[in-house]
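> this one's structure only:
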């Protein structure tokens, strides 16, 4: 540490740091536009000029490293004059349109010109003006206001890893933009709204709807991925939620949030909102009050239990529900004698569930993820599934971490993939088994004989051997199993073999789950084989796939839209249509919901209620409601509680979400979780035998903006360039083989379901496979996410 | 994408760019952007349409916007079709003080076009450029690849006559 002095204040600072960092740490304000602590130093705005002792000219504080004994004045006459001069230059071309500028009231230029600028302009020539650019549905541009700090350009290069914005032309013609008109495709693009110190880049959906000083800020957590980014929700009196901005949390989201977390609020005002309870009597829907709706639900449920028994009932709950909702949901069902409870709607193979740790998660902090030396992505599209985790992996990569991809789609990331092995879904188990085998030949780790037998029939492809050999080098290694690995029909085997690989190369296993709160679901018992805070049960209930395949008499859906949210939407819809009782807790209504449900209970989305999410690191983050729920909507936990009361179930008297959370927390803390034996010990020769096939296979993911009911109704997100279209994606060579051309419509068939979709050429898809995204009504008639599919030729 | 480049950039252009690439380390392909754009321009009637800039960026595996930035910054790249002869007139301070305005007005009158425009017969494009680094002999203009110094309207007249033949 070295000693310096700023404005007479003696400070101890780390050598190599810049004056502005030292001043920020000491709470001394230096004005700035281009400097941002998360971006590289550009030193082009010159606003942070300070007076350094024994130096002739004022120096930029952002680009001047501290030296021992340095004396800095931020308020001396020389500093003030320099700052005033810079301010005057910056304002020469800046329009005086603050009254019609969305940034007004939250503008760094406005604030700093108040503090440092002259009160009149001496410039009386024409001002520069620049034609507006359209960079997509999320960000509004008004480039005449740009002061060319280049924060947005540096964000693209350094953080998003996708250089879309640039500074072109020169001198007084210099402009910031994309040069050719295009929409930004980065999944974190809207962070440039916060970075822009002026009103050049503002939020398009928020535009002209409120002034910063009218807004009230509430801390919250969004409900779309397992990261639990910290956000502020801004509300304006009776208008409700106006916008969402990041809340800095260095350990989770730093200063960023994904576009999904930022703009999902736009769905809160969707016309699809269910705002009053509804019941279907004699085939007709009626809007009723809560009392009638709940009484009706109780009667229906009791009749069903009486006539069919609790085994004929199943509860499916969205993985983005809160801990409190999960806990009460399973408590309600289990109090009725029903263990058929699940939140794993996209999954089909549950054979590994007994061996799962206390909850599937990262097993480390996000900061530790960033420190890894080797990361293997197995069936993961991390950048789109969990943008903030993707950003951490990118940071690891920039520090020299080697990243490998074993996948069914050749995903292109914003970080360098050292080596990859892309196979069709039915070959994924074999791909991992080859890695395990290659490692077992060189690793000194002991593994059981039966596991060796399992590997005995595996022959190793040379590409895979090359990857395996690199996994042995270095420390701090992680295997990340993403959505495709978890939703795969052989997910259990994939987990087992991944555990074996982890054992052989000394890596950790991480699961990045879909939804905001899968960790909470596991801990709160929203799974068929474990009660809240408990170990495996002897008698387990039906998982999602079995509950659907069994075509039960009654289903309780909690923010589940089966046609978009289930692994096999066709089967799920059939099961739910034939059921006698379908009670749907839902934030939205949809035509298909109206068709199959009997009772619709309106429940609040995340920012309209209090609750808790447990993120992938295992961090519990509670939040309060930021606004009143819309119409007669109520928080889900309250609705379940009243339902429990009306059914006279014991211990259902909760007065707050905190009370529920604390009850669960005490149970979890009191219980010792017996960690299961490593599951690879159970692998034997008969676990798997490799068979090649020539079938056409389907690959499915739930795209970034189709993951839950909320984002599916966010119009700006749906229109953004990062959103993908429903279609049949296949590679060029394979399309030619099938005589299909880009854009032509063709039919795909799975069992009795079929869909007519556009062909989209995408060379990321392996041969003999078609990628068809889920989460669309267009693909709702299709069957399983993975498996055999037939394709009609162009000739019909 | 690579197959696409091959059709846009001719084999000859690619070969010339490859020669420049050998002068820089493999991770520094962006360093070859200036010569690569010039080569592409010389082989495309002396101008750079958008798809060629994109093809050059793709060929060098750099973000397309990085190529647009460079192509729009330097005045030696022409982003619109140009005439057979490009007359770049320096109007920076030394030339301005030595009479570049006279040169400009002479050209306006003689050729009937303003800066940034091309004559109807497509023989001449005149362009205003920043310092050509020949201040000692201001005013200066560059015609195609040659510098012409200590300009006067009379001298320019001679030069244009030669070019016309």
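Here it is on my side, so go on. Note that the structure is predicted; figures quoted are calculated from it, not measured. Numbers count the residues shown, from 1 in each chain, chains lettered A, B, ... in the order given.
> Those residues of chain A touching chain B, which are they?
A:162-171, A:178-180 (Cβ under 8 Å from any Cβ of the partner chain). For glycine as for every other residue, the C-beta is placed from the backbone atoms N, C-alpha and C.
> need these in CSV with distance to residue B:51, pLDDT and secondary structure, can you?
Converted to CSV, the residues of chain A next to chain B look like this (distance: Cβ to Cβ, whole Å; pLDDT from 0 to 100; DSSP: H, G, I helix; E, B strand; the rest coil):
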residue, distance to residue B:51, pLDDT, secondary structure
A:162, 21, 91, coil
A:163, 19, 91, coil
A:164, 18, 91, coil
A:165, 21, 93, coil
A:166, 18, 94, strand
A:167, 22, 94, strand
A:168, 17, 93, strand
A:169, 20, 93, coil
A:170, 23, 90, coil
A:171, 27, 87, helix
A:178, 16, 91, coil
A:179, 13, 88, coil
A:180, 10, 87, coil
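> what's the nearest residue to the spatially most central residue of chain A if we skip its chain neighbours?
Nearest to the centroid of the C-alpha atoms of chain A, with distances taken as Cα atoms, centre = their mean, sits residue A:225, at 3.3 Å. Leaving aside its chain neighbours, residue A:225 sits nearest to residue A:386 (4.6 Å; criterion: Cβ to Cβ, 6 or more residues apart in numbering or on different chains).
> In this structure that neighbour contacts residue A:513, no?
No - counting by Cβ atoms under 8 Å, residue A:386 stays clear of residue A:513, with 9.2 Å between them.
> who touches both of the two?
Here residue A:386 and residue A:513 have A:226, A:616 as joint contacts, going by Cβ atoms under 8 Å, 6 or more residues apart in numbering or on different chains.
> And the contacts of stretch A:393-407?
A:161, A:369-380, A:382-383, A:411, A:413-423, A:428, A:431-432, A:435, A:467, A:470-471, A:474, A:484.
> going on from the helix or strand bottoming out on mean pLDDT in chain A, what's the next piece of helix or strand?
Least confident element among the helices and strands of chain A, by mean pLDDT, DSSP states H and E: helix A:449-456 (a mean of 88). For helix A:449-456, the following helix or strand on the C-terminal side (DSSP states H and E) is helix A:462-471.
> give me the low-pLDDT residue ranges for the chain?
Just going to use chain A. Residues of chain A meeting the criterion pLDDT under 70: A:675-677, A:793-796.
> you looked at the wrong chain, it should be chain B
In chain B, residues with pLDDT under 70: B:1-6.
> got the residue ranges for the strands in it?
Per DSSP state E, chain B carries strands over the ranges B:85-90, B:117-118, B:124-129, B:141-143, B:146-148.
> thinking again about what came up before, and the least confident helix or strand of chain A, what's buried?
Along helix A:449-456, these residues count as buried under the neighbour rule (16 or more other Cβ atoms under 10 Å in any protein chain shown): A:451, A:454-455.
> how far does it sit from the chain's center?
Centroid displacement of helix A:449-456 relative to its chain, using Cα atoms, centre = their mean, to the nearest Å, is 38 Å.
> Residues touching stretch A:151-160, excluding its own?
Residues outside stretch A:151-160 that contact it (Cβ under 8 Å, 6+ apart): A:34, A:36, A:38-40, A:42, A:162-167, A:176, A:186, A:188-189, A:191-192, A:195-197, A:201, A:256, A:391, A:414.
> Now, of those, which are buried?
The neighbour count (16+ other Cβ under 10 Å) marks A:34, A:36, A:39, A:42, A:162-167, A:176, A:186, A:188-189, A:191-192, A:195-197, A:201, A:256, A:391, A:414 as buried among the contacts of stretch A:151-160.
> Which members of those residues occur in helices, if any?
Applying DSSP state H to the buried ones among the contacts of stretch A:151-160, the entries found in helices are A:191-192, A:195, A:391.
> Tell me who's in contact with residue A:513.
Counting by Cβ under 8 Å, 6+ apart, residue A:513 touches A:226, A:319, A:360-361, A:486, A:519, A:616.
> Those residues in strands, which ones?
Among the contacts of residue A:513, DSSP E puts none in strands.
> For residue A:768, state which of the residues you listed is nearest.
Here the nearest of those to residue A:768, counting by Cβ to Cβ, is residue A:486; it sits at 23.0 Å.
> Identify the residue nearest the geometric centre of chain B.
residue B:76 (2.6 Å).
> My read is that it contacts residue B:38, right?
Yes - contact criterion Cβ under 8 Å: residue B:76 and residue B:38 qualify, at 7.2 Å.
> Could you check how many residues crowd around the closest residue to residue A:248 other than its chain neighbours?
Of all residues not flanking residue A:248 in the chain, residue A:255 sits nearest, at 5.1 Å (Cβ to Cβ, 6+ apart). Counted by other Cβ atoms under 10 Å in any protein chain shown, the residues lying close to residue A:255 total 16.
> now do residue B:144
11.
> try the one 4 residues further on
A count of nearby residues for residue B:148, using other Cβ under 10 Å, gives 19.
> got it, and residue A:175?
Applying other Cβ under 10 Å, we find 18 other residues in the vicinity of residue A:175.
> show me what contacts it?
If you count contacts by Cβ under 8 Å, 6+ apart, residue A:175 has them with A:130, A:143, A:146, A:167-169.
> Okay, and the beta partners of it?
With DSSP bridges applied, residue A:175 shows beta-bridge pairing to residue A:168.
> what's the spacing between it and residue A:143?
The spacing between residue A:175 and residue A:143, counted by Cβ to Cβ, to the nearest Å, is 6 Å.
> Pull up the overlap in contacts between these two.
With Cβ under 8 Å, 6+ apart as the test, residue A:175 and residue A:143 both reach residue A:130.
> Tell me which strands the longest strand belonging to chain A pairs with, and in which orientation.
Using DSSP E to assign secondary structure, the strand with the most residues in chain A is strand A:753-761. Note on strand A:753-761: by DSSP bridges, its sheet partners are strand A:728-730 (parallel), strand A:745-750 (antiparallel).
> of all these, which gets the most neighbours per residue?
Mean neighbour count (mean count of other Cβ atoms under 10 Å in any protein chain shown) peaks for strand A:728-730 among the strands paired with strand A:753-761, with a mean of 27.
> which helices and strands does the helix or strand just after that one pack with?
Where DSSP H and E defines the elements, the next helix or strand beyond strand A:728-730 is helix A:732-737. In terms of contacts (3 or more Cβ pairs under 8 Å, 6 or more residues apart in numbering or on different chains; DSSP states H and E), helix A:732-737 is packed against strand A:753-761.
> So what touches the strand it packs on?
A:570, A:725-732, A:735, A:740-748, A:772, A:778-779, A:781-783.
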